[in-house]
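S.K.: Build me a model:
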Amino acid sequence: MSTTLSSASYLDAVRTMTAHIVDTQTPAIAAAADLIAASLADGGVLQAFGSGHSEAASMELAGRAGGLVATNKLALRDVILYGGEPADTLADPFAERDPALARRVYDLARAEPGDVFVITSQSGGNGSVVEMARIAREQGHPVVAITSLPHSTGIVSRHPSGRRLFELADVVIDNGAPHGDAVLPLPDGGAVCAVSSVANALIAQLITAEVVIRLLAKGIDPDVYLSMNVAGGDTRNAAAEARYAGRIRRSAS
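M.R.: Numbering: from 1, shown residues only. The predicted structure is shown next:
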């Protein structure tokens, strides 16, 4: 952890975290890309799930400019957006700890056997993410976990099984964020400025790059989003999405 409260110290922490990912997680990122590329080459879809701020990693993997089209972003709010649940279903600020929500989100996704799941969680111990990993494994899907091993190995799981996300994944990518995520200590205790979102975004883009490299090596031209804010973006993206009709969904929420 950085020792001073300054923007320079935060940048140092980000550099340290980036070095950790590049120096130690490259094999895991490659293994994740192998699973995803194999799935997409066979007509599968990448199903990305995360709760809380870890949902940002799913947004990096699914439905964004420069990203793969054959992707779904799964979120707890799916039970409202697609499942018809009342809006107050997620009124509880601790809803992400509820394992039952994961089953409902999974069922709404209508994942097919060849789909691969990428599940992101800093702590790796909340009920919904652990249950999603458990269900995915039970249904035969490969599971990639993006998590903090320093954090996850230091907690007690909130899932009834007592297991944590990294214990259920086929591939584990450690984002290197510390226990508690924030890196700059405050004078009276506690800390400020988290790093997991930066780390997860980097990991997601590295995975995307490696998947595209593998698909091209197989002679497959991958469907990749063009920004809707450049000429031709809407038309090109709509044509690509049509190839996955009924398999992927897009929502502004």
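
S.K.: Would you mind pulling the contact partners of stretch 186-197?
M.R.: Contacts with stretch 186-197, where a contact means C-beta atoms under 8 Å, 6 or more residues apart in numbering, come from 1, 5, 10, 13-14, 17, 53-54, 56-57, 122, 148, 175-178, 180-185. (Each C-beta comes from the backbone N, C-alpha and C, glycine too.)

S.K.: Please check those residues and keep the buried ones.
M.R.: 10, 13-14, 17, 54, 56-57, 122, 148, 175-178, 180-185 (16 or more other C-beta atoms under 10 Å).

S.K.: Select from those residues every entry located in helices.
M.R.: Residues of these located in helices (DSSP state H): 10, 13-14, 17, 56-57.

S.K.: could you give me the average pLDDT of the helix ranked longest in the chain?
M.R.: The residue-count maximum for a helix in the chain (DSSP H) belongs to helix 196-217. The average pLDDT within helix 196-217 is 98.

S.K.: Which of the residues in the helix or strand following it are classified as buried?
M.R.: Using DSSP states H and E, the next helix or strand after helix 196-217 towards the C-terminus is helix 233-242. For helix 233-242, the neighbour count (16+ other C-beta under 10 Å) marks 236-237, 240-241 as buried.

S.K.: Let me have these in CSV, extended by pLDDT and distance to residue 34.
M.R.: Listed next are the buried residues of helix 233-242 as CSV, based on pLDDT from 0 to 100; distance: C-beta to C-beta, whole Å:
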residue, pLDDT, distance to residue 34
236, 93, 28
237, 93, 27
240, 94, 23
241, 94, 25
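
S.K.: All the strands of this protein, in order from the start?
M.R.: 46-50, 71-74, 116-121, 143-147, 171-174, 182-185, 191-194 (DSSP state E).

S.K.: right, and those strands - which one's nearest residue 25?
M.R.: Of all the strands of the chain, strand 171-174 sits nearest to residue 25, with 5.4 Å by C-beta to C-beta.

S.K.: Now that closest one - C-alpha only, CSV.
M.R.: The C-alpha trace of strand 171-174 is given here as CSV (Å, rounded to 0.1, in the frame of the first residue of the first chain):
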residue,chain,number,x,y,z
VAL,A,171,-9.1,-19.9,-14.6
VAL,A,172,-8.3,-17.3,-11.9
ILE,A,173,-6.9,-13.9,-12.8
ASP,A,174,-5.7,-12.0,-9.8
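
S.K.: Which other helices and strands does it contact?
M.R.: In this structure, strand 171-174 packs against helix 26-41, strand 143-147, helix 149-152, with contacts taken as 3 or more C-beta pairs under 8 Å, 6 or more residues apart in numbering; DSSP states H and E.
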